[in-house]
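Engineer: how would this look folded up:
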Amino acid sequence: MSKGLAMRNSARMFLPSALVIVGSLAAQEPPPAEWVDPSTGRRIIRLTNEPGSASLYFHQNAYTMDGDLMVFTTHEGLSVVNLQTHKIRAMVEGRVGQVVVGRKTRQVFYIRDGAVCATNLDTGATRVIVAKLEQQSGSGLAVNADETLLGGSFVEDAKPQPPIPESPAKPEEHSDNPPGKGQMMERRLAEHIPMALYTIDIKTGKINTFHHSTDWLNHVQFSPTDPTLIMFCHEGPWHKVDRIWTIRTDGTGLRKIHTRTMDMEIAGHEFFNPDGKIIWYDLQTPKGKEFWLAGVVLATGEAIRYKVQRSEWSVHYNVSPDGKLFAGDGGGPTSVAAPGNGQWIYLFTPHDGALQAEKLVDLSKHNYRLEPNVTFTPDGKWLVFRSNMFGPTYVFAVELRKAP
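Structural biologist: As a prediction, the model looks like this:
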């Protein structure tokens, strides 16, 4: 039998099963539009219709200040959902990354084909801020409080670099512990590749680079209230780095926020309080043993610690718009708190130095290779998260008040 004939016969053999798979995918029903979680009594709604749609990373703002619109990613680009009417509009076509919404100007900022762009969420008008951004291979974009600057980190060495987990091929996919991540983190930290921070003037496109370093700089965030204050991290295995830092946009005022005090202590997944006065982060003393949601008051240096039970630890935490409540997205079987970590969306209330947890959404069928990345809506009434508990990824919201 000729090679070509053998291949054709092989194709005929596999074609029926392929058709069954395609037919099964085509016939797959979307998740319910709304339901009440039977184990928690909380109402859950599905915000997106397209399989593979996803909300943004937990510290990347997706909402307008009025709270009427939320941006999310799709396989085709970016779309926006009206949180009152649930109407969805496609906004941006093409492969985009580093997405963040400006609260005041109602623009979404992103990088597409190497260009930094801004699209108005009401009109759809798009403006190119920088035609070709050379400052890539790092972390971005962040937008400052008065929406005059964008910021990020970048690799100054021109040699090709391996991908970084926080900027994966598919932006909506993350993992708290993918295969080989530990070795990659160790290797990348040891390479001491030259990096720096940068800002972009949104009006003129002018780029300023500063804080040149051979540390691995990542997770750049602007203060929500101080337009000149940047938070960033020294990336790497958390037990080997003093991770959380702040600096001014002119390169002055470098400040370490948390110093490790014991072997294997870890701190990370840092984020600002809505008023910009506190930086919050996951703290473990040491790793996998004692769990805390910790904070530092920027004005005084005061340390805050809320005890978290192992079973209620989360990959990411977040804080409500009024700063009174916290939320968590739970953890999977390979997370740092395993075994025994709960697969839930949690609502936390601080009380007597600890976080009291309420379970909102059962994520026992969720695969934590995709991080849920929970966020509060601007009105503080819902928690938004992404989940693959029905197979494909969609964006959902759970109501904080119990269903009647």
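
Engineer: and stretch 82-102, which residues are buried?
Structural biologist: Residues of stretch 82-102 classed as buried: 83, 88, 91, 92, 96, 97, 98, 99, 100, 101, 102 (neighbour count, 16 or more other C-beta atoms under 10 Å). All C-beta spots, glycine's among them, are computed from the backbone N, C-alpha and C.

Engineer: How far off centre is that stretch?
Structural biologist: Computed by C-alpha atoms, centre = their mean, to the nearest Å, the chain-centroid distance of stretch 82-102 equals 15 Å.

Engineer: List phi and psi for residue 187.
Structural biologist: With angles defined as degrees, to the nearest 10, residue 187 sits at phi -60, psi -40.

Engineer: Residue 216 versus that one, what's the distance?
Structural biologist: Distance of residue 187 to residue 216, given as C-beta to C-beta, to the nearest Å: 11 Å.

Engineer: Of these two, give the one with the bigger neighbour count.
Structural biologist: Set residue 187 next to residue 216 and count neighbours by other C-beta atoms under 10 Å: residue 216 wins out with 23 against 11.

Engineer: Let me see the contact set for that one.
Structural biologist: Applying C-beta atoms under 8 Å, 6 or more residues apart in numbering, we find residue 216 in contact with 188, 189, 193, 195, 234, 235, 236.

Engineer: least trustworthy position among these, going by pLDDT?
Structural biologist: Within the set of the contacts of residue 216, pLDDT is lowest for residue 189 (74).

Engineer: what's the closest non-adjacent residue to that residue?
Structural biologist: residue 236 (3.6 Å; C-beta to C-beta, 6 or more residues apart in numbering).

Engineer: which SS class is residue 182?
Structural biologist: Classification of residue 182 using DSSP: H, G, I helix; E, B strand; the rest coil returns helix.

Engineer: Which strand or helix spans the most centrally placed residue in the chain?
Structural biologist: In the chain, the centroid-proximal residue (C-alpha atoms, centre = their mean) is residue 57; its distance is 1.6 Å. Of the helices and strands defined by DSSP states H and E, none includes residue 57.

Engineer: ok, so what distance separates it from residue 131?
Structural biologist: Residue 57 is 26 Å from residue 131, by C-beta to C-beta.

Engineer: which element follows the lowest-mean-pLDDT helix or strand in the chain toward the C-terminus?
Structural biologist: Every helix and strand of the chain was ranked by mean pLDDT, DSSP states H and E. The lowest is helix 3-27, at a mean of 39. Going down the chain from helix 3-27, the next helix or strand is strand 34-36, by DSSP H and E.

Engineer: partners of that following strand, with directions?
Structural biologist: strand 42-46 (antiparallel) (DSSP bridges).

Engineer: starting at the chain centroid, how far to the partner strand?
Structural biologist: For strand 42-46, the distance to the chain centre is 21 Å (C-alpha atoms, centre = their mean).

Engineer: Identify the residues contacting it?
Structural biologist: Here strand 42-46 has contacts from 30-37, 86, 360-361, 394-400, 402-403, using C-beta under 8 Å, 6+ apart.

Engineer: which of those are buried?
Structural biologist: For the contacts of strand 42-46, buried by 16+ other C-beta under 10 Å: 31, 37, 360, 361, 394, 395, 396, 397, 398, 399, 400.

Engineer: any low-confidence regions in the stretch 101-250 of the chain?
Structural biologist: Along the stretch 101-250 of the chain, segments meeting pLDDT under 70 span 158-180.

Engineer: for it, what spans make up the helices?
Structural biologist: 181-191 (DSSP state H, counting those that start in this stretch).

Engineer: Quick one: the strands in it, in order.
Structural biologist: With strands called from DSSP state E, counting those that start in this stretch, the stretch 101-250 of the chain shows them at 107-112, 115-120, 126-130, 140-143, 149-155, 195-201, 207-213, 217-222, 229-234, 244-248.

Engineer: what's the host helix or strand of residue 80 packed up against?
Structural biologist: Residue 80 is part of strand 77-82 when elements are defined by DSSP H and E. If you count contacts as 3 or more C-beta pairs under 8 Å, 6 or more residues apart in numbering; DSSP states H and E, strand 77-82 packs onto strand 69-73, strand 88-93, strand 96-102, strand 107-112.
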